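Student: dropping the sequence and predicted coords here.
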Amino acid sequence: MFFKIRRFIPVAFVAMAFYSCSEYQKVLKNEDVKAKYDMAQKFYEEQDFKRSNRLFEQIAPKYVGKPQGERVMFFLADSYFQRKDYNMAGYQFERFIKSYPKSEKAAQASFLVAKSYFKLSPTYSLDQTDTDKALTKLQNFINAYPNSEYFAEANMMAKELTTKKERKAYEIAKQFNKIGEFDYTFLTPAIAAFDNFISDNPGSIYREDALFYKFDSATRLALNSFDVLKPARLKEAKEAYAMLKKQYPETEYEKQAKDLLEKIEKELLRFSPNTEAK
């Protein structure tokens, strides 16, 4: 008897699944808006977001201006989000906010707009247009809803995106520095890029790295310059070293920095043989 029951259970599940699918197809094709609404809500509650999304898509226009319209529009947007269709989710949540600005779901919708763009933000090496959009949406949410339950998560996401943008800017400058090993003309834009990074990102986790590689770029540029340009450039390199040491007295680049400084001092002696280099 036990084995007969075990064989029956999978058959029963298959039958139930077939019936559910059949009912879904039947409701999907008919014109009964109430039946579609009830089934869409049922699937949504069961986290079957693919089928609920399709039904909400069909009935949303029918509920414009009706009491259930707010609920339908929010569930439609969220079903897109749950399906990881973040482009449509962001668009639909923004429509929801415009249609129902005083809704009790407005704060959550505003947060999910930002989170949709956050999910679309690519790796740091790619174009950061969606990252910029996400940061704008997150800042709008943070300013508008400082007491929201989503406030802490929004701040964490904004910090992650900011760090991603900082890394992109830092890696661009670092690439100039690397190419400068073979073509010294790239060291000038490397120094400029590191200067911009240091100025624009005072609290960045890459700040120490940027200060060191600016010093490294300035040193190599100076050492490989024509003699007429060397004294001024060597002085600028020493200033870059001083800035690194001032902000990071125990820098992790201590050994490399000292080795570079020794090369600067030695070269300066060539231009001031009777004066101790300062």
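Tutor: All right, it came through fine. Numbering: from 1, shown residues only.

Student: can you pull up the most central residue in this structure?
Tutor: L161 (3.5 Å; CA atoms, centre = their mean).

Student: run through the residues that contact it.
Tutor: Residues near L161 by CB atoms under 8 Å, 6 or more residues apart in numbering: F118, S121, T131, A134, L135, L138. C-betas here are computed from N, CA, C, even on glycine.

Student: these in helices, which ones?
Tutor: F118, T131, A134, L135, L138 (DSSP state H).

Student: right, and the pair among those residues with maximum separation?
Tutor: T131 and L138 (10.4 Å; CB to CB).

Student: looking at these two, which is more packed in?
Tutor: L138 (26 against 22; other CB atoms under 10 Å).

Student: roughly how far does that one sit from M88?
Tutor: Taking CB to CB, to the nearest Å as the measure, L138 falls 19 Å from M88.

Student: all helices for the stretch 51-200 of the chain, in order.
Tutor: Remark: helices assigned in the stretch 51-200 of the chain by DSSP state H, counting those that start in this stretch are 69-82, 86-99, 106-120, 129-144, 151-179, 187-200.

Student: the longest one - what's its average pLDDT?
Tutor: The reference is to helix 151-179. What helix 151-179 shows for mean pLDDT is 97.

Student: quick one: it to helix 187-200, angle?
Tutor: Orientation note: helix 151-179 sits at an angle of 160 degrees relative to helix 187-200 (axes from the mean of the first three to the mean of the last three CA atoms, to 10 degrees).

Student: quick one: buried residues of helix 151-179?
Tutor: If you call a residue buried by 16 or more other CB atoms under 10 Å, then helix 151-179 has these buried ones: 154, 157-158, 161-162, 164-170, 172-174, 176-177.

Student: likewise for the fourth one?
Tutor: Neighbour-count burial for helix 129-144, with 16+ other CB under 10 Å as criterion, is recorded at D130, T131, K133, A134, L135, K137, L138, F141, I142.

Student: which residues touch the second one?
Tutor: Contacts for T131 were tallied using CB under 8 Å, 6+ apart; they are S121, P122, L161, K164, K165.

Student: could you do the first one as well?
Tutor: For D130, the contacting residues are Y117, L120, S121, P122, taking CB under 8 Å, 6+ apart as the criterion.
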